[in-house]
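>>> Test case, fold it:
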Amino acid sequence: MIFNYTKKIKVRGFLFILPVVIYFGLIFYLPLVKSFDLSFKEFLPRGKVQFAGFKTYQAVLSDPLFWDSIKHTALFTLLSVIFVVILALIIAIGLYNLSSSVTRNFYTMFFVLPTLVSFAAAGPIWEWIFHSQFGLINLLLTALGIPTLKFLNDSVQVIPSLVVINVWVRMGFAVLIIMAGLQSIPSSFFEAARVDGASGLKMHWNITLPLLVPQLAVVSLLEVIYGFKVFDVVVVTTQGGPAGASYMLLLYFYDNAFRFYRTDRASVVAVLMFLALLVFSIIQRRIVRGRRYEV
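Presented below is the predicted three-dimensional model:
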């Protein structure tokens, strides 16, 4: 009887998650398998398709534009992860230390609201703020007698400018995750540290950071994924310019798939992105594993 009851529970549980499994299978896993299949094929004139082995991979990996997009995406992702994690950590600790819950909730809402803005909408807003002549920042710099900046119109300043937009939109979500981690830390840890004479940065360095490793790992992984997927904010602001200085990996994918109709090359890019993120997540998981409650 116990065996039959356990079996029924497992069957019911499987039936409950079956719609989600089907959804993920059709929306995510089936296109992934199809991308792997197309990456080993070559599209010829008149709609002919033939098996090409690693020929398409070789063509993509020998394309200088592909490596330029990798370099720009990696720089954008690295700067985004660094600034989002550091700023979100500082803000979350500051909010956590506020004594009034009303004040804490108000400022938390202030930082979280930008996450509700899509990058397609945030791009034009910041494009106006960054405008080289009429932008808000350059108007303030002119009033202070400081030389103006070109922001999105300069090949050196364009990626840091895009990082600012990304941090503005993404930081609130990271603050929420870190705040949840802070609230899960027993207050007795901090009380014991104060008794031992710890305070300020020393207490946060030895207690807060080690206990926030899981949350910081999640934030870092999500920012890396979103960094590799950056597309809409680039399209609405720079279109990959100036002179290709903000040409990102997903823009390279888009051009091959929908402008040049090179589905084989686009599939190769999709497969390489998947493998890169998979390797990164595995390495990160191994690094984080076993350090969750080290103080």
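>>> So for the lengthiest helix in the chain, what gets flagged as buried?
Secondary structure of the chain per DSSP state H: the longest helix is helix 64-96. Neighbour-count burial for helix 64-96, counted by 16 or more other CB atoms under 10 Å, picks out 66, 68-70, 72-73, 75-77, 79-81, 83-85, 88-89, 91-93, 95-96. (Glycine included, C-beta is placed from N, CA and C.)
>>> all strands in this structure, in order from the N-terminus.
41-43, 49-51 (DSSP state E).
>>> most neighbours per residue, which of these?
strand 41-43 (a mean of 17; mean count of other CB atoms under 10 Å).
>>> any idea of the mean pLDDT in that one?
Taken as a whole, strand 41-43 carries a mean pLDDT of 79.
>>> again with stretch 139-159
On average, stretch 139-159 scores 91.
>>> mind putting the strands of the chain in a markdown table, distance to Ile283 included?
Formatted as a markdown table, these follow (distance: least, CB to CB, whole Å):
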| stretch | distance to Ile283 |
| --- | --- |
| strand 41-43 | 31 |
| strand 49-51 | 33 |
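>>> closest one to Val195 among those strands?
Across those, Val195 has its closest neighbour in strand 41-43 (67.2 Å, CB to CB).
>>> Against which helices or strands is that closest one packed?
When contacts are defined as 3 or more CB pairs under 8 Å, 6 or more residues apart in numbering; DSSP states H and E, strand 41-43 packs onto strand 49-51, helix 55-61, helix 263-288.
>>> still on that earlier bit, of all the strands of the chain, which one is nearest Asn206?
The nearest among those, by CB to CB, is strand 41-43 at 55.2 Å.
>>> List the pairing partners of the closest one within its sheet, with orientation.
Strands adjacent to strand 41-43 in the sheet, as given by DSSP bridges, are strand 49-51 (antiparallel).
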